[in-house]
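*Asks:* What follows is a predicted structure for the sequence shown.
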Amino acid sequence: MILLESGEMYLETILVLQQKNGRVRSIDISAEMQFSKPSVSRAVKLLKTNGYINVDPNGYITFTDKGREVAEEIYDRHQVLTECLIFLGVPADVAANDACKIEHDISKETFAAIKKHMKKFSSTPKKKNKK
């Protein structure tokens, strides 16, 4: 099955929510994406049917290996493309929004070239955020 952009967005959102909150349910996805509960329910059902996620009896969502791989790939694209656009002088919020649009359409070859190029500029250690 070819995963559409919307499916990729759901998987990326699940990954981000898991990193932030540890556990994810459909209601969390609905709130994060600002989509209706029925829309999220349909998407979750499709992702489950196609082997990207599992949903336990309490409604908690976990990735299958295939789902985690796709989610991490999309999230990596988002981060690298955002960093690239910021490096070019695009404001951070605009860069993040544009990266979100680009990440689904860019070829693997082009993304690999951008990522390789960006490694030259991000080789300096980043400052850790103090909390």
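*Replies:* Noted; the coordinates are in hand.
*Asks:* When you work out contacts or count neighbours from here on, use the C-alpha atoms and nothing else.
*Replies:* OK.
*Asks:* Surely Leu17 is in contact with Ser26?
*Replies:* No - with contacts counted by CA atoms under 8 Å, Leu17 stays clear of Ser26, the gap being 10.8 Å.
*Asks:* Between the two, which has more neighbouring residues?
*Replies:* Ser26 (20 against 17; other CA atoms under 10 Å).
*Asks:* so where's this structure shaky on pLDDT?
*Replies:* 1-2, 122-131 (pLDDT under 70).
*Asks:* what about the strands in it?
*Replies:* For the chain, the strands defined by DSSP state E cover 53-55, 61-63.
*Asks:* Just put these in CSV and tack on distance to Ala99 and mean neighbour count.
*Replies:* Supplementary listing: those in CSV, determined by distance: least, CA to CA, whole Å; neighbours: other CA atoms under 10 Å:
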stretch, distance to Ala99, mean neighbour count
strand 53-55, 24, 18
strand 61-63, 23, 20
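*Asks:* and these as JSON lines, adding distance to His78?
*Replies:* Formatted as JSON lines, these follow (distance: least, CA to CA, whole Å):
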{"stretch": "strand 53-55", "distance to His78": "21"}
{"stretch": "strand 61-63", "distance to His78": "19"}
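*Asks:* Of those, give the one that comes closest to Leu81.
*Replies:* Ranking the strands of the chain by their distance to Leu81 (criterion: CA to CA) puts strand 61-63 first, at 24.0 Å.
*Asks:* Can you list the neighbours in contact with the closest one?
*Replies:* Outside strand 61-63, the residues within contact range by CA atoms under 8 Å, 6 or more residues apart in numbering are 23-26, 52-55.
*Asks:* show me where the chain has helices.
*Replies:* If DSSP state H is used as the criterion, the helices of the chain fall at 5-21, 26-33, 37-49, 65-87, 92-102, 108-121.
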